[in-house]
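Student: here is my input, please return the structure:
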Amino acid sequence: MIETGAHYQTTPKLFNNSFIDPQGRMILAESERTRTEVWTRVMGYHRPTSAFNPGKQSEHAERLHFTEHCIH
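Tutor: Model (predicted):
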C-alpha cells in the first residue's frame, strides 16, 4: 500500500556523466563550475553588472522579472 502525501527521498540519476535531481536540474561538481558574467542594458548600452557601483548593484538586485503573455 502506498500512502498518499508521503515524501520519498530519491537518488539523483546519472546522465552523460552528470547527476540529475528529481526536478530535472543538473547537479555539477565544483570542478565543473565556471564563473558567469552577467550583462544588462543600462541607459541604451550594455555593460557587465560586475562593473556597477554599489548603488546600481542594489537597484539591479531589486528588479522584478516578468513574462509577458501573448494574446491570440
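Student: so which residue is dead centre in the chain?
Tutor: Nearest to the geometric centre of the chain sits residue 25, at 9.9 Å (Cα atoms, centre = their mean).
Student: how close does it sit to residue 19?
Tutor: 10 Å (Cβ to Cβ, to the nearest Å). All C-beta spots, glycine's among them, are computed from the backbone N, C-alpha and C.
Student: between those two, which contacts overlap?
Tutor: With Cβ atoms under 8 Å, 6 or more residues apart in numbering applied, the contact sets of residue 25 and residue 19 do not overlap.
Student: just the strands from this structure, written as ranges.
Tutor: 13-15, 18-20, 26-27, 39-42, 45-48 (DSSP state E).
Student: out of the ones you listed, indicate the one that is most buried.
Tutor: Ranked by mean neighbour count, those are led by strand 18-20 with a mean of 14 (mean count of other Cβ atoms under 10 Å).
Student: can you map out the helices along the chain?
Tutor: 54-61 (DSSP state H).
Student: between the strands of the chain, which one is nearest to residue 64?
Tutor: If you check each of the strands of the chain against residue 64 by Cβ to Cβ, strand 39-42 wins as the nearest, at 13.9 Å.
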